[in-house]
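S.K.: Show me the folded form of this:
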Amino acid sequence: MTGLIEEWQSGNIHAFEAIFREYQKLVFRTAYLMTGKKEEAEDVLQEVFLKVWKSRHTFNPEKGKLTTWLHKITVNHCTSRQRRRHPPLLSMEQKNLDWPDMKHREQPEEILVTRSEYERLIKAMNSLDSKHRSVLVLRYFSDLSYDEIAHIVGIPLGTVKSRISQALKSVRSQLSNQQSEVST
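M.R.: Predicted structure coming up:
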């Protein structure tokens, strides 16, 4: 991979295409989870890889992994798009879409068994603001460490942990409220 990165940084379009093929799903999944819309995530994917090409000289493999750098660009781009639009985050519920991978599954309450549970989770996540949603997406959907999230979002490690804790508390509360509504 090191050789491929060097070729891409020197302007080799074929190396860039290989990097795109390798990481397009990662960028799309992150963009989809941040924006909630397939079409917007597709736009973000293209815009992010345009930025990746134009700023290839700024990536330093000695400072971090390419995936971390891609996540940072994607999250920042989605946040900037959201800021420009100002409305609340859009619903992530879309028909005929593949479910995003749920990589982080150490705790039993985080395992999703059915589509209805997944849809309940998405509805609960829609209630989060972008700063809480982004750390949750990076941790539980992209399986990044707290340190990587802190680097990507540009906040202290303690703030990452706090935001994840607050976001999980909010999501659990929303799920509990949804369950109560279903039961009545």
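
S.K.: rest of the way, CA atoms for contacts and neighbours
M.R.: Will do.

S.K.: Distance from the chain centre to stretch 66-80, please.
M.R.: Chain-centre distance of stretch 66-80: 8 Å, with C-alpha atoms, centre = their mean, to the nearest Å.

S.K.: So what's the model's average confidence on that stretch?
M.R.: Averaging pLDDT along stretch 66-80 yields 91.

S.K.: That stretch: which residues count as buried?
M.R.: Neighbour counts over stretch 66-80 (16 or more other C-alpha atoms under 10 Å) mark 66, 68-79 as buried.

S.K.: In terms of helices and strands, where is the residue nearest the centre of the chain?
M.R.: Centroid-nearest residue in the chain: Thr30, 2.9 Å away (criterion: C-alpha atoms, centre = their mean). If you go by DSSP states H and E, Thr30 is part of helix 13-35.

S.K.: Contacts for that helix next, please.
M.R.: 4-5, 7-8, 38, 40-42, 44-45, 48-49, 53, 67, 70-71, 74-75, 78, 82, 89-90, 92, 100, 130, 133-134, 137-138, 141-142 (C-alpha atoms under 8 Å, 6 or more residues apart in numbering).

S.K.: And the pLDDT for the residue lying closest to Thr79 once chain neighbours are set aside?
M.R.: Residue nearest to Thr79 in three dimensions, not counting chain neighbours: Ser130, with 7.0 Å by C-alpha to C-alpha, 6 or more residues apart in numbering. In this model, Ser130 is scored at 85, pLDDT.

S.K.: Could you give the number of residues near Tyr146?
M.R.: Look at Tyr146: counted by other C-alpha atoms under 10 Å, it has 19 neighbours.

S.K.: Kindly report the same for the one 4 residues further on.
M.R.: A count of nearby residues for Ala150, using other C-alpha under 10 Å, gives 19.

S.K.: Then Pro156?
M.R.: Other residues within reach of Pro156 by the criterion other C-alpha under 10 Å amount to 14.

S.K.: Can you pull out the low-pLDDT segments for this protein?
M.R.: Within the chain, the stretches with pLDDT under 70 are 86-115, 179-184.

S.K.: all strands for the protein, in order.
M.R.: Assigned by DSSP state E, the strands in the chain number zero.

S.K.: how far away is the residue nearest to Thr79 from Leu168?
M.R.: 14 Å (C-alpha to C-alpha, to the nearest Å).

S.K.: where along this structure do the helices fall?
M.R.: 2-9, 13-35, 38-54, 66-85, 115-125, 130-136, 146-153, 157-183 (DSSP state H).

S.K.: Please convert those to CSV, extending it with distance to Asn60.
M.R.: CSV is the format used below for the helices of the chain (distance: least, C-alpha to C-alpha, whole Å):
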stretch, distance to Asn60
helix 2-9, 10
helix 13-35, 15
helix 38-54, 13
helix 66-85, 9
helix 115-125, 33
helix 130-136, 23
helix 146-153, 14
helix 157-183, 22
